[in-house]
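Trainee: sequence and predicted model, in that order:
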Amino acid sequence: KAGVTQTPRYLIKTRGQQVTLSCSPISGHRSVSWYQQTPGQGLQFLFEYFSETQRNKGNFPGRFSGRQFSNSRSEMNVSTLELGDSALYLCASSLGISQGEQYFGPGTRLTVT
Amino acid sequence: LAKTTQPISMDSYEGQEVNITCSHNNIATNDYITWYQQFPSQGPRFIIQGYKTKVTNEVASLFIPADRKSSTLSLPRVSLSDTAVYYCLVGDIYGGATNKLIFGTGTLLAVQP
């Protein structure tokens, strides 16, 4: 069974631009969560989706948004990029809603210049 | 969600057994203990999960005392490839309320030849 895939793997953007990251969960998984990882703040929860509905949102500004499609694939968007948005963005998928085993993708490394 | 405390770093040599202890004094009755492993620039990977006593799988053992206020991840005969950050998390895996995982700072395990 294929794992969680994230595209693109690497991205360089300029301040003020916007970016869209994509996550394809493991087949059959209906939950997708997003995390931001930086050296200073560690792994921080962004939001989670289940059956196309956002169920929970972390403490990030409104520039960070996401959505989930009917095939469970998810996208996150960051508008008006700031230098501090440079990070590794990870998505995780799971069958349902629980804090049990989740499967993480390889991440998208975003660099904002 | 219960807060966890782990050593920031540990050193070991190849072939040794490594024990990483996590403190979670405020663990709730329904909370389980889960450990993840993360290599640089990759997503975390589930290692093991347990509720009480001892759990063992092909890569690690998890020891949880009766009061459940701490847990110990045991890695037998580590190799250089076990050099990674190890995260201890606690949460209700059957509560169905959220997928949100709260990662602490983790323990950086450095294995030397």
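Mentor: Structure received. Owing to the predicted nature of the structure, the values given are computational and were not obtained by experimental measurement. Residues are numbered from 1 along each chain as shown, chains lettered A, B, ... in the order given.
Trainee: residue 88: neighbouring residues, count only.
Mentor: The chain I'm using is chain A. When counting by other C-beta atoms under 10 Å in any protein chain shown, one arrives at 19 neighbours for A:L88. (C-beta placed from N, C-alpha, C; glycine too.)
Trainee: nope, chain B please
Mentor: One way to gauge burial is a neighbour count; for B:C88, by other C-beta under 10 Å, it gives 25.
Trainee: tell me the confidence at the closest residue to it other than its chain neighbours?
Mentor: Distances taken as C-beta to C-beta, 6 or more residues apart in numbering or on different chains put B:C22 closest to B:C88, at 3.4 Å, once the chain neighbours are dropped. Taken from the predicted model, the pLDDT recorded for B:C22 is 97.
Trainee: just checking, next helix/strand downstream of whichever strand or helix holds B:C22?
Mentor: Take DSSP states H and E as the rule and B:C22 turns out to sit in strand B:18-23. On the C-terminal side of strand B:18-23, the closest following helix or strand by DSSP H and E is strand B:32-38.
Trainee: and the gap between the residue nearest to A:L11 when sequence neighbours are not counted and A:T14?
Mentor: Once its chain neighbours are removed from consideration, A:L11 has its nearest residue in A:L110; the separation is 5.0 Å (C-beta to C-beta, 6+ apart). Taking C-beta to C-beta, to the nearest Å as the criterion, A:L110 is separated from A:T14 by 12 Å.
Trainee: the two: which has the busier surroundings?
Mentor: Counted by other C-beta under 10 Å, A:L110 and A:T14 do not tie: A:L110 has more neighbours, with 20 against 8.
Trainee: okay, strands next: where are they in chain A?
Mentor: Counting by DSSP state E, chain A has these strands, from start to end: A:5-7, A:10-13, A:19-24, A:31-38, A:42-50, A:53-57, A:64-68, A:74-78, A:87-94, A:103-104, A:108-112.
Trainee: tell me which residues form a beta bridge with the residue nearest the centre of chain A?
Mentor: Closest residue to the average C-alpha location of chain A: A:W34 at 3.4 Å, with C-alpha atoms, centre = their mean. When bridges are assigned using DSSP bridges, the partners listed for A:W34 are A:F47, A:C91.
Trainee: what sits against it?
Mentor: A:W34 sits next to A:23, A:45-48, A:66, A:74, A:76, A:89-92 when contact means C-beta atoms under 8 Å, 6 or more residues apart in numbering or on different chains.
Trainee: ok, and what's touching the strand holding B:C22?
Mentor: The set of residues external to strand B:18-23 that reach it, using C-beta under 8 Å, 6+ apart, is B:4-7, B:10, B:12, B:33, B:35, B:69-75, B:78, B:82, B:86, B:88, B:107, B:109, B:111.
Trainee: can you rerun that using 7 Å?
Mentor: Taking contacts as C-beta atoms under 7 Å, 6 or more residues apart in numbering or on different chains, the residues outside strand B:18-23 that touch it are B:4-6, B:10, B:12, B:69-75, B:78, B:86, B:88, B:107, B:109.
Trainee: in it, which residues are buried?
Mentor: By neighbour count, with 16 or more other C-beta atoms under 10 Å in any protein chain shown as the criterion, the buried positions of strand B:18-23 are B:18, B:20-23.
Trainee: same question for stretch A:32-39.
Mentor: Neighbour count says stretch A:32-39 has A:32-37 buried, by 16+ other C-beta under 10 Å.
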